[in-house]
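Engineer: Fold the following and give me the result.
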Amino acid sequence: MVMFWVSLLAISILLYVLLDGVDLGIGMLFGSARGEEERRVMLSAVAPIWDGNETWLIVTGVILWGAFPVVYATLLSAFYLPLFLMLAGLILRGVAFEFRNKTQRMRWIWDLSFAGGSLVASFMQGTTVGALVEGLPVTNGQYSGGDFGWLTPFAALCGIGLCLGYALLGACWLVKKCDAEVRDRAHRQIRILAVSVLVFLVVVFVYALAEHLPTFQSCIVGSIGRISSHSRRLARSLQSCSRSASSVTTTIGRSTWSH
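Structural biologist: Residues are numbered from 1 along each chain as shown. Here you go, the predicted structure:
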């Protein structure tokens with residue numbers, strides 16, 4: 001039963017990243033749009049799927065709360081501040097999405113709020129994932145890292161990487177749904193963002209390798225030692241088998257000669 005809930009949790013997280021990542025990516029790219037016409041086209045491309053994609057974030061929270069209450073309580077204690085900032089960013093971009101069409105003179109404020117809320121929400125999500133991957137200080141089942149124990153260089157790096165990944169998803173969606181100048185700009189952005197994501201993956205790999213190099217070295221040395229030990233044992237076994245076979249052959253030969 002546990003595997004069922006774990007699988008359901010993994011599926012809900014994956015769907016949220018792929019689907020709402022498009023919305024957040026377009027929100028971040030929204031800040032680089034040139035003119036009101038491009039902004040209108042970008043918002044039209046994401047408007048039909050706006051509300052449904054965020055539902056998977058709620059599903060993830062409900063599964064954690066219902067199936068893994070201890071994990072839910074621990075994570076909420078550890079990530080209180082980043083989750084608050086993430087929700088604030090999501091609320092801000094939602095309000096900006098609806099209110100920017102209600103005004104003309106102050107529209108730039110809502111445009112900035114839409115792009116800024118998308119950036120903050122994406123960065124906080126990536127930082128949270130990075131902190132989980134790196135590990136949280138837990139003592140007696142309680143989080144003991146303080147208010148900023150989750151904020152590490154690796155977590156911040158993961159936040160930047162997720163922003164790049166979401167922006168790449170958003171650019172791909174614009175290529176599919178838009179045309180003319182918006183599509184051409186998205187094509188150019190895809191090339192830049194794809195290279196940026198690749199560089200991010202290389203940097204993360206190098207960082208993880210440098211951070212855990214002693215562990216890797218000990219594992220490699222231990223593996224080589226175990227392989228050498230097994231090889232020596234196998235060689236001794238083969239030698240003993242060869243000697244036994246030789247003695248048996250000699251005994252049979254003598255017995256045959258005597259007869």
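Engineer: which helices and strands does the helix or strand residue 62 falls within pack with?
Structural biologist: Using DSSP states H and E, residue 62 falls within helix 55-67. If contacts are counted by 3 or more CB pairs under 8 Å, 6 or more residues apart in numbering; DSSP states H and E, helix 55-67 sits against helix 2-30, helix 69-78. The way it works is simple: take the backbone N, C-alpha and C, and place the C-beta from them, glycine included.
Engineer: Identify the residues contacting it?
Structural biologist: 5, 8-9, 12-13, 15-16, 19-20, 71-72, 75 (CB atoms under 8 Å, 6 or more residues apart in numbering).
Engineer: would you list the helices and strands packed on helix 55-67 in TSV and tack on mean pLDDT and distance to residue 167?
Structural biologist: Formatted as TSV, these follow (pLDDT from 0 to 100; distance: least, CB to CB, whole Å):
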stretch	mean pLDDT	distance to residue 167
helix 2-30	90	5
helix 69-78	86	26
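Engineer: Between these, which one is closest to residue 84.
Structural biologist: helix 69-78 (10.4 Å; CB to CB).
Engineer: What residues of the closest one count as buried?
Structural biologist: Neighbour counts over helix 69-78 (16 or more other CB atoms under 10 Å) mark 72, 74-75, 78 as buried.
Engineer: helix or strand right after it?
Structural biologist: That would be, after helix 69-78 and using DSSP H and E, helix 80-99.
Engineer: Give me the mean pLDDT for that following helix.
Structural biologist: Helix 80-99 comes out with an average pLDDT of 90.
Engineer: ditto for stretch 181-196
Structural biologist: 91.
Engineer: and it, C-alpha only, in PDB?
Structural biologist: The C-alpha atoms that make up stretch 181-196 are tabulated as PDB, following Å, rounded to 0.1, in the frame of the first residue of the first chain:
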ATOM      1  CA  GLU A 181       7.300  37.200 -33.900                       C
ATOM      2  CA  VAL A 182       6.400  35.400 -30.700                       C
ATOM      3  CA  ARG A 183       7.200  32.000 -32.200                       C
ATOM      4  CA  ASP A 184      10.500  33.200 -33.700                       C
ATOM      5  CA  ARG A 185      11.600  34.700 -30.400                       C
ATOM      6  CA  ALA A 186      10.700  31.500 -28.600                       C
ATOM      7  CA  HIS A 187      12.800  29.500 -31.100                       C
ATOM      8  CA  ARG A 188      15.800  31.600 -30.300                       C
ATOM      9  CA  GLN A 189      15.100  31.300 -26.600                       C
ATOM     10  CA  ILE A 190      14.900  27.500 -26.800                       C
ATOM     11  CA  ARG A 191      18.500  27.300 -28.100                       C
ATOM     12  CA  ILE A 192      19.800  29.600 -25.300                       C
ATOM     13  CA  LEU A 193      17.800  27.900 -22.600                       C
ATOM     14  CA  ALA A 194      18.700  24.400 -23.700                       C
ATOM     15  CA  VAL A 195      22.400  25.200 -23.500                       C
ATOM     16  CA  SER A 196      21.800  26.800 -20.100                       C
END
